[in-house]
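**Q** Have a look at this prediction, sequence included:
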Amino acid sequence: MPTQSSKILETFANPHWQRDYTIHIRIPEFTCLCPKTGQPDFATLFLDYVPDKLCLELKALKNYIWSYRNEGTFHETVTNQILTDLVQACPPRFMRLRAEFNVRGGIYTTIVVEHQAPGWIPPMPVHLPS
């Protein structure tokens with residue numbers, strides 16, 4: 001049976017919940033529709049998150065992202081909605097979603113939204129000599 005789009009986000013138990021670590025996900029084929037013209041909008045999504053007890057299951061994430069293909073929505077709205085849904089599915093310690101939309105009318109749009117769990121303090125970065 002072929003894969004179908006779905007708004008259902010699946011998760012799995014974080015096997016290393018005791019440690020802060022970052023998961024980087026690049027989604028180069030995001031599409032939705034312009035709510036004014038109905039023409040397709042294309043973007044690359046960059047998702048970075050520090051999981052807590054749960055991690056996002058990638059196939060379900062792919063199907064979720066695919067579900068926006070025929071939806072008319074503004075860039076700002078869809079980026080914020082995706083972050084809201086992802087945070088609800090797997091409450092992370094930290095999550096950032098950057099949506100880099102392709103040019104339309106000579107204008108590139110990038111939307112960045114973030115979530116940080118109350119009380120979570122990011123670890124100090126380590127800077128090594130070159």
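**A** Sure, I can see it.

**Q** Any idea how far whichever helix in the chain runs longest is from the middle of the chain?
**A** Once the chain is assigned using DSSP state H, the helix that runs over the most residues is helix 75-89. Distance, stretch centre to chain centre, for helix 75-89: 7 Å (CA atoms, centre = their mean, to the nearest Å).

**Q** now do stretch 85-94
**A** Using CA atoms, centre = their mean, the offset of stretch 85-94 from its chain centre is 10 Å.

**Q** Taking helix 75-89 as reference, get the angle to the next helix or strand after the longest helix of the chain.
**A** Once the chain leaves helix 75-89, the next helix or strand it forms, by DSSP states H and E, is strand 94-104. Here strand 94-104 runs at an angle of 150 degrees relative to helix 75-89 (axes from the mean of the first three to the mean of the last three CA atoms, to 10 degrees).

**Q** export strand 94-104 as CSV, just CAs?
**A** Presented in CSV, the C-alpha positions along strand 94-104 are these (Å, rounded to 0.1, in the frame of the first residue of the first chain):
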residue,chain,number,x,y,z
PHE,A,94,14.2,22.9,22.9
MET,A,95,13.0,23.0,19.3
ARG,A,96,13.7,25.4,16.4
LEU,A,97,12.1,25.3,13.0
ARG,A,98,13.5,27.3,10.2
ALA,A,99,11.5,27.5,6.9
GLU,A,100,13.4,28.8,3.9
PHE,A,101,10.8,29.4,1.2
ASN,A,102,11.9,29.6,-2.5
VAL,A,103,11.7,32.9,-4.3
ARG,A,104,8.3,34.2,-5.2
